Structures are given as structure tokens and as C-alpha cells.
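Asker: got a predicted model here, sequence first, then my questions.
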Amino acid sequence: MNRSPLGRTLPARRLLLGMTCLGALAAVLAPSLAVAQSWPNKPVTWVVPFPAGGGTDAFARPLTAVLSKQLGTQVIIDNKGGAGGNVGATVAAKATPDGYTWFMGAVHHAIAPSMYPKLDYNLQADFVPVALIAKVPQVIVVNPQRVQAGNLAEFIALVKKNPGKLNYGSAGNGTSHHLAGELFKLQTQTFITHIPYRGAGPALQDLIAGQMDIMFDGLGSSANHIKGGRIKALAVAGDTRAPGFADLATAGEAGLKGYEVATWYGLWAPKGTPKEAVDRMTAELQKAFASKEIKDIWNGLGADVPSVTGKAFGDFVGSEIKRWGDVVKASGAKLD
């Protein structure tokens, strides 16, 4: 019995179609498999949007050193300061999403949408949330030669007697340092002049040198200077005492109840970064956070080791953007 031409060619056509689909699938999967197997095969860059010496840098340096050992390739910090951390964020957002550029931002970037009328990046749309890196309370620190106050109550009394005569430095407009200062003024009904810097590092240098009176700094960048006696800590702006600083009272304990401000730091990848690279970085971060080396360093900087990654971190960032938007509106904080 003769078969029709169609009957003879149908199996061949099906085979050809199947091979074509398999080829297309392989083409789609090949880049992902290549990333999973080879990443990283060259140095990795972390964009840190503040100068060296600030809180972001204080956590980034020891962490990238540990990651460099784990990954077997160098993880490089690229400090890109300016505009309250927004210059570095813009640079990172526009980077090629190939798994070799990452962004270590902070709470400042959750505040920025409420402070700056126009940003060249969108924290939620232009980045993939990777992990929370650290969270520390703000700490009220003073230059002991310029500010004669033994505790927070004495400091508040001093500020009230001298309206406008004292100044405080911040890491820049719209940073947590800035908002912490404005909230302090609001809650104590006092006035202190704000001086924005290009990062906490330069501001701390001026505080230590006696060029400025006060900072509402993240504990991570002030920790070593407090321990070294170069600046005096009056209280932490949290509801509990900070790890490694059991003798430092909270603002509530010192009489200023409800004054709570924290700085947190996180890691993002530019949108479009291969999932395999993000997953590997997440796993390496979790491994680093489990090490005694990082736990000891974080404790010395007044921070607990975090365990918030991926979507949970993204949800946290979203809630922070809303919360700080409400704070900015209530405090009336403006760009100086």
C-alpha cells in the first residue's frame, strides 16, 4: 500500500521541529549556564556612593575582603560620592548588568525620592534587591572640646540656651544623618544649623578636628572614633542599646523618648543582572555573615548580622521609602 507524500514526510517534519525547539531552548539557556559555571571570571566592582571613612565604606571594606577570598577573585570598591549618595546610585543604575557591577546603597536612597525633586535613577525599578548588609542606630556624637555636655540632658539644655549657635554635619542632604538632625530639632524644639557634606567620612574629619560641633551619625562610622576618645557619644537613637556598646544609653533612657533613627545598608544589582550571578552573590553573602570574622567586625561596629535577602529585602526597602516619605513631610526637612 502506497503512503501519501504527506504521510512519508510528517515524522521527519516533527523531528525537524523538535530539533529546532531544542536548539532554541539551548540558545536561551546557554548564557545562564555559562554565567552559573564561570561567574566570576574577572574582578567584581561594588559601587559605594560615599567617600572612604563613612558608614557604607566601613561595612563594605571588610565584607568585600572576605568575599574576595570566597570567590577567588578581587571584589573592588569604587567610591562615587556626591549629592547625598545619588551620584553613585546613578552610576550603578546605568552600569552594564553583567554581574560585575553591584551597588551598596543605604537608607539614604530610600529617603531620596522624598527629598530630591528629580532623580536619574529609581531604586525599585532600576535595581534588583540582593540583601540587607547591616543596620545600626544613629548616635548623637559631639566634639568634647567644643560641646561641654556630659550627657544627653545637658546637651539639650545647652542647645536650648544657644539657639542657632551650634551646628551639625551630615553625610549630605536627604541622608539619615540629616533627617536624624531635623527630627531631633523637632522633638526637642531646638535649632541647630545643618552643614551638609559629601559623605560621613569628611564630616567626621571636621568633627574630630573641631571644625563642627555635632553629628547624628550612623554608629558604624563613629564606632572606632568613640572608642578612641576622639569624639564623645551621648546616646543612640534606638529602643535598645547597640551591640558592642552596652554602656551607651538609648535616647529614651536619657530622657528623649520616641527618638529612634537607624541607618541600614544593602546590596543591589543593576536590573537585568543574570539571576545566576545574583543567586551566587546571595549565597556568598550568607556564607560571609556566618563567619566569626564578620560577626566580630559587625559587633565592633554596633550592628547585628542580618539575614534578609531577595524579595524580603525588596519589601523592606519599599516600606522604608513610604516611612521616610512620611517623616520628611512631618519634619518639613528641605535641601540646604
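Answerer: On my side now, so go ahead.
Asker: just checking the distance from stretch 281-290 to the centre of its chain.
Answerer: Distance of stretch 281-290 from its chain centroid, counting by Cα atoms, centre = their mean, to the nearest Å, is 16 Å.
Asker: output it as PDB, nothing but the C-alphas.
Answerer: Output in PDB follows, covering the C-alpha atoms of stretch 281-290 (Å, rounded to 0.1, in the frame of the first residue of the first chain):
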ATOM      1  CA  MET A 281      26.300  36.600  45.400                       C
ATOM      2  CA  THR A 282      23.500  36.000  47.800                       C
ATOM      3  CA  ALA A 283      24.900  32.600  48.800                       C
ATOM      4  CA  GLU A 284      28.400  34.000  49.300                       C
ATOM      5  CA  LEU A 285      27.000  36.900  51.500                       C
ATOM      6  CA  GLN A 286      25.200  34.300  53.700                       C
ATOM      7  CA  LYS A 287      28.400  32.300  54.000                       C
ATOM      8  CA  ALA A 288      30.300  35.500  54.900                       C
ATOM      9  CA  PHE A 289      27.700  36.500  57.500                       C
ATOM     10  CA  ALA A 290      28.000  33.100  59.100                       C
END
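Asker: what's in contact with stretch 288-308?
Answerer: When contacts are defined by Cβ atoms under 8 Å, 6 or more residues apart in numbering, stretch 288-308 is touched by residues 58-59, 62-63, 66-67, 70, 131-137, 139, 219-220, 223-224, 236, 242-245, 286, 316. C-beta coordinates here come from the backbone N, C-alpha and C atoms, glycine included.
Asker: next one: the lengthiest strand in the chain to chain centre, how far?
Answerer: Using DSSP state E, we find that the single longest strand of the chain is strand 127-142. Relative to its chain's centre, strand 127-142 lies at 5 Å (Cα atoms, centre = their mean).
Asker: with stretch 166-174 instead?
Answerer: Centroid separation for stretch 166-174 versus its chain: 18 Å, with Cα atoms, centre = their mean.
Asker: show me which of the contacts of stretch 288-308 are buried.
Answerer: 58-59, 62-63, 66-67, 131-137, 139, 219-220, 223, 236, 242-245, 316 (16 or more other Cβ atoms under 10 Å).
Asker: show me where the stretch 151-300 of the chain has its strands.
Answerer: 167-170, 193-196, 214-218, 232-236, 262-270 (DSSP state E, counting those that start in this stretch).
Asker: just those strands: most buried one?
Answerer: When these are scored by mean count of other Cβ atoms under 10 Å, the highest mean neighbour count falls to strand 214-218 (a mean of 30).
Asker: what pairs with that one, parallel or antiparallel?
Answerer: Strand 214-218 sits in its sheet next to strand 127-142 (antiparallel), strand 167-170 (parallel), going by DSSP bridges.
Asker: measure the residue lying closest to Leu219 once chain neighbours are set aside to Ser222 for me?
Answerer: In this structure, Leu219 finds its nearest non-sequential neighbour in Gly302, 3.8 Å apart by Cβ to Cβ, 6 or more residues apart in numbering. In this view, Gly302 and Ser222 are 9 Å apart by Cβ to Cβ, to the nearest Å.
Asker: spit out the residues that contact these two alike.
Answerer: What both Gly302 and Ser222 touch, as defined by Cβ under 8 Å, 6+ apart, is the set Val139.
Asker: could you redo the strands paired with strand 214-218 as a markdown table and give each row distance to Asn41 and mean pLDDT?
Answerer: A markdown table is the format used below for the strands paired with strand 214-218 (distance: least, Cβ to Cβ, whole Å; pLDDT from 0 to 100):
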| stretch | distance to Asn41 | mean pLDDT |
| --- | --- | --- |
| strand 127-142 | 20 | 97 |
| strand 167-170 | 40 | 97 |
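Asker: Trp264 contacts Met104, correct?
Answerer: No: between Trp264 and Met104 there is no contact under Cβ atoms under 8 Å: 11.4 Å.
Asker: common neighbours of the two, please.
Answerer: Common contacts of Trp264 and Met104 (Cβ under 8 Å, 6+ apart): Ile133.
Asker: doesn't Gly81 belong to a strand?
Answerer: No: looking at Gly81 with DSSP: H, G, I helix; E, B strand; the rest coil, it is coil, so not inside a strand.
Asker: which is the succeeding secondary structure element to the least confident helix or strand in the chain by mean pLDDT?
Answerer: In the chain, no helix or strand scores lower on mean pLDDT, DSSP states H and E than helix 5-38, which sits at a mean of 51. With elements assigned by DSSP states H and E, the helix or strand that comes after helix 5-38 is strand 44-48.
Asker: what's the angle from the next helix or strand after that next one to strand 127-142?
Answerer: Counting by DSSP H and E, the next helix or strand C-terminal to strand 44-48 is helix 55-71. Per axes from the mean of the first three to the mean of the last three Cα atoms, to 10 degrees, the angle that helix 55-71 makes with strand 127-142 is 130 degrees.
Asker: quick one: average pLDDT of helix 55-71?
Answerer: Mean per-residue pLDDT for helix 55-71: 97.
Asker: what's it packed up against?
Answerer: strand 44-48, strand 75-79, strand 101-106, strand 127-142, helix 219-227, strand 262-270, helix 275-289, helix 292-300 (3 or more Cβ pairs under 8 Å, 6 or more residues apart in numbering; DSSP states H and E).
Asker: tilt between the first one and helix 55-71?
Answerer: With the same axes, to 10 degrees as the criterion, the two stretches strand 44-48 and helix 55-71 enclose an angle of 170 degrees.
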